[in-house]
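> Provide a 3D model corresponding to the input given below.
(one chain, ligands or ions: 1)
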Amino acid sequence: MTLRLSSAGESHGPALVAIVTGLPAGLALDRAAIDADLARRQAGYGRSPRQQIEQDTVDVLAGLRHGRTLGTPLALVVWNRDHKNWTWGMSPWPPEGEPIGKGVKPVTLPRPGHADLAGVQKFGHDDVRNALERASARHTAVHVAAGAVAKALLAEIGIVVSGTVLDEEALRAAVDAARAERDTVGGVVEVRADGVPAGLGSYATKEDRLDARLAAALMGIQAVKGVEIGDGFALAELRGSQAHDEIGIDKRRTSNRAGGIEAGVSNGEQLVVRAAMKPLPTLMKPLASVDLATGEAATALVERSDVAAVEALAVVAEAAVAWELAVAATEKFGGDAVGDFVEAHRFYCARIE
Ligand SMILES: Cc1cc2nc3c(=O)[nH]c(=O)nc-3n(C[C@H](O)[C@H](O)[C@H](O)COP(=O)(O)O)c2cc1C
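Presented below is the predicted three-dimensional model:
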């Protein structure tokens, strides 16, 4: 079965949900490990007070019994605690009674750099909130939960994925300076994966390429504007003799400028990918915009927002990479039961040794 993930949920709606299909049966999931990743996503320098309200944890509604997967669709839920302040404004059904709480007044001041203007134009909304609620990165929470499930599957075959911020100290200084000037910042994160065997992904079609899949997964995260694999953009400045990783008689490389992927296929070296995040678009000192209700010049919406979310991105990017590796690994090793998956991996690794 193909491993698939779909999700739904608005930033201030009742909950974020994900359905994972194609997981082998018998995989042990650790609730504390999933919740730990959710907590890591919420932490980080420069995040907004929303993170104190949320304190995310996962609930599982289907597909798991006594801590092991059943081989049936796994339904994950992360509740939005902040929804209690938005029950009228984000009611799924026409709300009853007096308008109270947040989200009551339509938003008509689109923010440059956000989904606001293109979102209302595309879908014909008259309230920018109808666009921004789903465009918000809040739903990355449930993707992090799914990523934790993927990491549990990968751990069965010895693959470990971890995301970090490049230059954490510089980031903190930049956040402090930006906050003082009511501005925002971005940054670069790196995800590494150890234990990836040679042979995940394929050069057979462009859709099969592991590098293309990882790039799409990372570009699928809000505010990511650039992705590189291995030495990426720097390779363009080098000669071939300096750029490629020589092969030893043990079939290992003496360097890893390719970041563990050649021709869209993992080559057995550490996987290294980086993602560049733009500065967040919600500014406390807002940029010029237009009031969609009056057509007059205005300044953009000011709403509670992060100064930076780069450390959170490291966790979200880790989850995205783990997810893509899990998809590629289940394609290669298959199996309805987790033991079949592990045994197929062992057999394959013995062959390529
Ligand atoms: C973890 C995370 C947290 C984010 N938090 C905010 C935020 O608080 N305020 C904001 O304006 N944008 C935030 N963003 C970025 C916006 O969601 C994003 O810029 C917007 O949806 C437009 O999409 P684009 O930047 O991909 O073009 C965050 C992104 C991520 C990955």
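
> so for the one residue in the stretch 1-150 of the chain that gets nearest to the ligand, what's the nearest residue that isn't a sequence neighbour?
Taking CB to the nearest ligand atom, the ligand has its nearest neighbour within the stretch 1-150 of the chain at residue 137, 3.3 Å off. For every residue, glycine as well, the C-beta is placed using N, CA and C. Closest residue to residue 137 apart from its sequence neighbours, by CB to CB, 6 or more residues apart in numbering: residue 222 at 4.1 Å.

> the ligand contacts on the stretch 201-350 of the chain?
Residues of the stretch 201-350 of the chain lying close to the ligand by CB under 6 Å from any ligand atom are 221-223, 278, 280-282, 305-306, 309, 312-313, 316.

> just the buried members of those?
Taking 16 or more other CB atoms under 10 Å as the criterion, what is buried in these is 221-223, 280-282, 305-306, 309, 312-313, 316.

> tell me the one among those residues nearest to residue 189.
The nearest member of these to residue 189, counting by CB to CB, is residue 313 at 5.1 Å.

> hang on, that closest one in a helix?
Yes - counting by DSSP: H, G, I helix; E, B strand; the rest coil, residue 313 is found in a helix.

> so what's it up against?
163, 187, 189, 221, 223-224, 275, 277 (CB atoms under 8 Å, 6 or more residues apart in numbering).

> mind doing that once more with 6 Å?
189, 277 (CB atoms under 6 Å, 6 or more residues apart in numbering).

> so residue 319 touches residue 142, yeah?
No - with contact defined as CB atoms under 6 Å, residue 319 does not reach residue 142; the gap is 9.9 Å.

> between the two, who's got more neighbours?
A direct count of neighbours by other CB atoms under 10 Å for residue 319 and residue 142 places residue 319 higher, at 30 against 25.

> what helix or strand is the residue nearest to that one when sequence neighbours are not counted located in?
Leaving aside its chain neighbours, residue 319 sits nearest to residue 147 (2.3 Å; criterion: CB to CB, 6+ apart). Here residue 147, judged by DSSP states H and E, is contained in helix 140-155.

> and that helix, average pLDDT?
Throughout helix 140-155, pLDDT has a mean value of 98.

> which element follows it toward the C-terminus?
Next in sequence after helix 140-155, counting helices and strands by DSSP H and E, comes strand 160-165.

> near the ligand, anything from that next one?
No - Strand 160-165 lies out of reach of the ligand by CB under 6 Å from any ligand atom, never closer than 11.7 Å.

> now do that strand and helix 140-155, the angle between them.
Per axes from the mean of the first three to the mean of the last three CA atoms, to 10 degrees, the angle that strand 160-165 makes with helix 140-155 is 140 degrees.

> tell me the buried residues in strand 160-165?
By neighbour count on 16+ other CB under 10 Å, the buried set for strand 160-165 is 161, 163, 165.

> returning to that earlier point: adding distance to residue 209 and pLDDT, write the residues of the stretch 201-350 of the chain next to the ligand out as CSV.
Converted to CSV, these look like this (distance: CB to CB, whole Å; pLDDT from 0 to 100):
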residue, distance to residue 209, pLDDT
221, 19, 98
222, 24, 98
223, 24, 98
278, 25, 98
280, 31, 97
281, 31, 97
282, 35, 96
305, 36, 89
306, 33, 92
309, 29, 96
312, 28, 97
313, 23, 98
316, 22, 98
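
> can you list these in TSV and add secondary structure?
As requested, those are exported to TSV (three-state DSSP):
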residue	secondary structure
221	coil
222	coil
223	coil
278	coil
280	coil
281	coil
282	coil
305	coil
306	coil
309	coil
312	helix
313	helix
316	helix
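
> from those, which is closest to residue 52?
Nearest to residue 52 among these is residue 306, at 12.7 Å by CB to CB.

> wait, the closest one touches residue 47, no?
Yes - with contacts counted by CB under 6 Å, residue 306 reaches residue 47, the gap being 4.9 Å.

> CA atoms of stretch 226-239 as CSV?
Backbone C-alpha positions of stretch 226-239 (Å, rounded to 0.1, in the frame of the first residue of the first chain) are rendered in CSV as follows:
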residue,chain,number,x,y,z
GLY,A,226,14.5,28.1,-1.3
VAL,A,227,15.7,24.5,-0.9
GLU,A,228,19.2,23.0,-1.5
ILE,A,229,20.4,19.4,-1.4
GLY,A,230,24.0,18.9,-0.2
ASP,A,231,26.2,21.8,-1.3
GLY,A,232,23.4,23.0,-3.5
PHE,A,233,23.9,26.5,-4.9
ALA,A,234,27.6,26.5,-4.0
LEU,A,235,28.2,23.6,-6.4
ALA,A,236,27.4,25.9,-9.3
GLU,A,237,30.6,27.8,-8.5
LEU,A,238,32.9,24.8,-8.6
ARG,A,239,34.6,22.6,-11.2
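
> can you give the distance of the lowest-mean-pLDDT helix or strand in the chain from its chain's centre?
Ranking every helix and strand in the chain by mean pLDDT, DSSP states H and E puts helix 50-54 at the bottom, with a mean of 78. How far helix 50-54 lies from its chain's middle: 19 Å, per CA atoms, centre = their mean, to the nearest Å.
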